[in-house]
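Novice: Kindly generate the corresponding structure for this input.
(one chain, ligands or ions: 2)
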Amino acid sequence: MTERCGFVAIIGAPNAGKSTLINRMVGAKVSIVNRKVQTTRINVRGIVMMDDDATQIILIDTPGIFSPKRRLDRAMVAAAWNGEADADITALLIDASKEGFDKDTRALLDTIEKRVKDGAVGDRKIILLLNKIDQMPADQLLKISAELNDRIPFTATFMISGLKGRGVQDVLDWISKNIPEGPHHYPGDQLSDLPERLLAAEITREKIYDNLHQELPYAATVETETWESFDDGSVKISQIIYLAREAHKPIILGKGGSRLKTIGMQSRKELESLLECRVHLKLFVKVKENWMDDPDRYSVWGLDPGA
Ligand SMILES: Nc1nc2c(ncn2[C@@H]2O[C@H](COP(=O)(O)OP(=O)(O)OP(=O)(O)O)[C@@H](O)[C@H]2O)c(=O)[nH]1
Ligand SMILES: [Mg+2]
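Specialist: Numbers count the residues shown, from 1 in each chain. Ligands and ions are numbered 1, 2, ... in the order given. Here you go, the predicted structure:
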């Protein structure tokens, strides 16, 4: 059978459900998910094999696109557009359940419309994925679909629920027929391009999102410092949590260090099931007020601090 291989960028406003959809399509957790906005900070590739392994679809999960203010936000949004430019197909994911869409979605639709007019999309096909249909009445969907297709020449439109899995197989089937012929980029059993050290840091960052509120998660970053494997099959991972404010330290530590302990325990459990081995996880908290301006914090993730 002819080999096919192509890149599909999933772009959308923060919280549209991009990472949830990619995890669903890959059938494994490759990208972290949270109900707060701006969870994903880098482009993560998830790999799906189709057609008896003849077709390799490389999905690019991108950070949500919004109007950036901080340096980190600018770097994230720039990474999202770079991911889009690298793709053969652009999939625009919209949270259709919010009446009239949210502000970021409206701005993104304007931007895409303009990019199509300016020729910035090149010959990439753009498909529309209306997401979260489990949360809305069906009659609204057709109206939204017609409206958006009037504005932007989508090659195809799908109505899906990434969370429940509805309609997702149809999207994959369509993609597999519409990506170019060519040799595969990754071994057939690989699920993601994220090195284990980065994935491990992402898992801990997700637990910070789960356990803490307001601005703290946005002002924190996690890096894996060391990774040691032992003869008994276990690994010892140490990670640093960088905080932007001294005042955040007691919050993340919690009473007698209890909150940090919970974060560490949840992260360790998930890492153990992912890596299928015993994990010793050590978390260190460091306050580094200007980490968001420190190029070293960006290079680990392949983000451009000057974007
Ligand atoms: N009801 C419903 N909720 C969904 C669906 N897909 C995602 N969600 C929820 O939407 C929230 C955001 O999901 P994510 O996958 O993190 O969204 P994202 O687009 O990757 O967000 P960023 O990385 O912040 O840009 C989570 O609480 C998900 O559980 C869906 O199809 N239906
Ligand atoms: Mg995400």
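Novice: which parts of the longest helix along the chain are buried?
Specialist: Looking across the chain with DSSP state H, the single longest helix is helix 258-275. Residues of helix 258-275 classed as buried by neighbour count (16 or more other CB atoms under 10 Å): Arg259, Leu260, Ile263, Gly264, Gln266, Ser267, Arg268, Glu270, Leu271, Leu275. From N, CA and C alone the C-beta is placed, and that goes for glycine too.
Novice: Distance to Ser67 for those residues - can I get that in a markdown table?
Specialist: Rendered in a markdown table, the data for the buried residues of helix 258-275 read as follows (distance: CB to CB, whole Å):
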| residue | distance to Ser67 |
| --- | --- |
| Arg259 | 32 |
| Leu260 | 33 |
| Ile263 | 30 |
| Gly264 | 35 |
| Gln266 | 32 |
| Ser267 | 31 |
| Arg268 | 37 |
| Glu270 | 33 |
| Leu271 | 35 |
| Leu275 | 38 |
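Novice: Of those, which is the nearest to ligand 1?
Specialist: Glu270 (15.6 Å; CB to the nearest ligand atom).
Novice: residue contacts, the closest residue in space to that closest one that isn't next to it in sequence?
Specialist: Spatial nearest neighbour of Glu270, excluding adjacent residues (CB to CB, 6 or more residues apart in numbering): Ile203 at 5.3 Å. When contacts are counted by CB atoms under 8 Å, 6 or more residues apart in numbering, Ile203 touches Ile32, Ser267, Glu270, Leu271, Leu274.
Novice: residue ranges for the strands of the chain, please.
Specialist: 4-12, 44-50, 55-61, 89-95, 125-131, 156-159, 220-229, 235-243, 279-287 (DSSP state E).
Novice: Give the other helices and strands that the first one contacts.
Specialist: Right, the one you point to is strand 4-12. helix 18-26, strand 55-61, helix 71-85, strand 89-95, helix 103-118, helix 168-178 (3 or more CB pairs under 8 Å, 6 or more residues apart in numbering; DSSP states H and E).
Novice: switch the cut-off to 7 Å
Specialist: helix 18-26, strand 55-61, helix 71-85, strand 89-95 (3 or more CB pairs under 7 Å, 6 or more residues apart in numbering; DSSP states H and E).
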